[in-house]
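> here's my sequence, what's the structure:
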Amino acid sequence: LVHPAFFASKVEHESKHCNGKGFQRPGSSAFDRVYTANQNCGHTYPTFLAVLWCAGLLCSQAPAAFAGLMYLFVRQKYFVGYLGERTQSTPGHLFGKRILLFLFLMSVAGILNYYLVFFFGSDFEMHIKTITSAISPLLLIP
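Numbering: from 1, shown residues only. Below you'll find the predicted structure:
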């Protein structure tokens with residue numbers, strides 16, 4: 001909850017520095033960039049929380065927590081990059097999508113393992129945890 005609050009405070013700060021009383025401030029590119037970056041980050045936050053929770057619960061907590069921390073740092077990079085030129089935010093956006101995909105695949109692997117145990121009695125939990133623990137450091141590669 002600290003991350004969205006930080007972004008919202010940036011929007012408020014930029015809004016106070018712009019002339020005009022209304023929320024829509026045409027002609028203020030700095031405010032537009034901050035506002036758009038905040039909206040973009042706010043729209044992906046519920047998805048992030050859902051896949052983080054599912055990946056940690058259904059698969060493995062340590063790699064999910066690592067990916068979650070990486071995602072928060074990447075969204076900060078995206079937000080700061082968006083304040084400059086929009087092309088500076090692209091690496092943060094692509095990196096964030098890769099982390100969300102990793103968390104989603106961890107969730108799917110946990111669900112598949114549950115059904116394998118339920119229907120066939122085969123438990124691959126240790127193998128899945130080993131694979132996700134080995135793959136999670138690869139998230140550091142830009």
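> run the chain-centre distance for whichever strand or helix holds Phe73.
Assigned by DSSP states H and E, Phe73 falls within helix 61-83. With Cα atoms, centre = their mean, to the nearest Å as the basis, helix 61-83 stands 6 Å off its chain's centre.
> next, the buried residues of it.
63-64, 66-68, 70-71, 74-75, 77-79, 81-82 (16 or more other Cβ atoms under 10 Å). From N, CA and C alone the C-beta is placed, and that goes for glycine too.
> of all those, which comes closest to Arg33?
Of all those, Tyr82 has the smallest distance to Arg33: 5.8 Å, by Cβ to Cβ.
> that closest one reaches Pro91, doesn't it?
No: using Cβ atoms under 8 Å, Tyr82 is not in contact with Pro91, being 11.4 Å away.
> next one, pLDDT for the residue nearest the centre of the chain please.
In the chain, the residue lying closest to the centroid (Cα atoms, centre = their mean) is Tyr71, at 4.2 Å. Predicted confidence (pLDDT) for Tyr71: 92.
> for it, which non-adjacent residue is closest in space?
Take Tyr71 and drop its neighbours on the chain: the residue closest to it by Cβ to Cβ, 6 or more residues apart in numbering is Ile99, 4.6 Å away.
> show the subsequent helix or strand relative to the helix or strand that contains the one you found.
Per DSSP H and E, Ile99 falls inside helix 90-120. On the C-terminal side of helix 90-120, the nearest following helix or strand under DSSP H and E is helix 125-135.
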